[in-house]
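Novice: Predicted model and sequence follow; I will ask about them next.
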Amino acid sequence: MAGQRLPVPRLEGVSGEQFIQHLYPQRKPLVLAGIDLGACTSKWTVDYLSQVGGTKEVKIHVATVPQMDFIRFFCVYVRTLPFDKLVQRAAEEKHEEFFLSEDEKYYLRSLGEDPRKDVADIRKQFPLLERDIKLPDFFKEEQFFSSVFRISSPGLQLWTHYDVMDNFLIQVTGKKRVVLFSPRDAQYLYLSGTKSEVLNIDNPDLAKYPLFSKARRYECSLEAGDVLFIPALWFHNVISEEFGVGVNVFWKHLPSECYDKTDTYGNKDPTAASRAAQILDRALKTLAELPEEYRDFYARRMVLHIQDKAYSKNFE
C-alpha cells in the first residue's frame, strides 16, 4: 500500500471571495460542496443526455480493462460513436453491442473542433447542455482556458497525472473517488512525462515500484454536485464508482506568456520549464563524456546544487 493517507478537506457553501482570498493561496486540493451549478445535477440523466446531446459523432477511448494505461496504450483504443449511443453504452455494465468485449469501458474527453488548434469548450461543443450548467466564476474571465466535458463508465480508472493549470473537477452526476499526490512527492511516482507508471495505486507492485510506498496520498469521494479544486502540478488519479458525467474547468494561474501557445490540452509544461529541461539534457550529455567515477561525482554535485538553489524551502 501507499504511505500516509490524508483526507481532502470538504467545505460547504464557500463563496468566490472566500475561495480567492483565503483558500486559493494555500495551493492545496479542496472539495467545495453546495455550489450552485444550475439544473444539470438533476437534468443530466441518461435519457436526457441522449436526447439533447444528439447523434453527433465523438471520439472516445475504449478500454478492455478498468485501469487505463496511457503510457504504453495497452488495452486502450480510440473509436467513434454517436453521442447518444456513447451515453447509453457508458451507462451499462454489460453491452449487447460492443467493439472489443461485452464489459469494455468507455471514456469521453471532449475536444475542440480542431484538437491541434482549438481547446475544449462546452459552450461550443455542447451548447444545448451548456445552458443547464453554471460554471463557478471563481476566477477572472480572461484566465479561462478550457471547459472539458467528460463521460466515464462505472469502474473506469484514469491514470495518475498532473496538469499545468489549476482546475475545478465538477462532478455533475455519479460518484468518483479521487486520489491526489503532492508535487513534492514526484520522486516517488515513477514518472513518464506527466504520467505515473504506477497504474494500480491501491495495490501497487512495490517490488517494481518500491519508492511509491513513500508517497502521501490525499483522498476524497465526490458526489453529484461536488466541485474538487485541483491546483496545478498536483497529481490525481480518478476512479468512477458509477456512470458519471463531469466537467473540468481549467484556468491560467500564471501569466499567459508562461504557457506553451501550442498547448490545447493544458498538459504541456510551461515554456521556462521546457527550456530548463532541454538545458539539463544537454548538460547530462556533456557529463557523459567523463569516465564513470567522475560522471557519478559531478552528477551528485549537480543534484546538490539544484536542491540548494531551486527547491522551495516554504512549499509544503
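Specialist: Nice, I can see it.
Novice: mean confidence score for stretch 26-43?
Specialist: For stretch 26-43, the mean per-residue pLDDT is 96.
Novice: quick one: Val178 and His236 touch, right?
Specialist: Yes - under the criterion of Cβ atoms under 8 Å, Val178 makes contact with His236 at 5.9 Å. Glycine gets a C-beta too; all of them are placed from N, C-alpha and C.
Novice: and stretch 219-230, how far out from the chain's middle?
Specialist: Relative to its chain's centre, stretch 219-230 lies at 13 Å (Cα atoms, centre = their mean, to the nearest Å).
Novice: May I see the buried residues of it?
Specialist: Buried positions in stretch 219-230, judged by neighbour count with 16 or more other Cβ atoms under 10 Å: 220-222, 224-230.
Novice: Endpoints of it, how far apart?
Specialist: 12 Å (Cα to Cα, to the nearest Å).
Novice: Contacts for it next, please.
Specialist: Stretch 219-230 has contacts (Cβ atoms under 8 Å, 6 or more residues apart in numbering) with 5-8, 10, 19, 23-24, 29-35, 37, 41, 136, 163, 166-180, 236, 241, 244.
Novice: Got the domain ranges for this structure?
Specialist: 5-258, 271-309 (automatic domain parsing).
Novice: Quick check: mean pLDDT of the shortest one?
Specialist: Averaged across domain 271-309, the pLDDT comes to 93.
Novice: List phi and psi for the nearest residue in space to Phe83 that is not next to it in sequence.
Specialist: Distances taken as Cβ to Cβ, 6 or more residues apart in numbering place Gly53 nearest to Phe83, at 4.2 Å, with adjacent residues excluded. Backbone torsions of Gly53, given as degrees, to the nearest 10, read phi -70, psi -30.
Novice: Any idea how many residues pack against Gly53?
Specialist: Number of residues near Gly53 (other Cβ atoms under 10 Å) recorded here: 20.
Novice: Enumerate every residue touching the nearest residue to Leu233 once chain neighbours are set aside.
Specialist: Nearest in space to Leu233, with sequence neighbours left out and distances taken as Cβ to Cβ, 6+ apart, is Pro183 at 4.2 Å. If you count contacts by Cβ under 8 Å, 6+ apart, Pro183 has them with 162, 233-235, 315.
Novice: where's the dip in pLDDT among these?
Specialist: Phe315 (52).
Novice: re the thing from before, just the buried ones out of the contacts of stretch 219-230, please.
Specialist: Counted by 16+ other Cβ under 10 Å, those give 8, 19, 23-24, 29-32, 35, 37, 41, 136, 163, 166-176, 178-180, 236, 244 as buried.
Novice: Just say helix, strand or coil for Asp84.
Specialist: The three-state label given to Asp84 by DSSP: H, G, I helix; E, B strand; the rest coil is helix.
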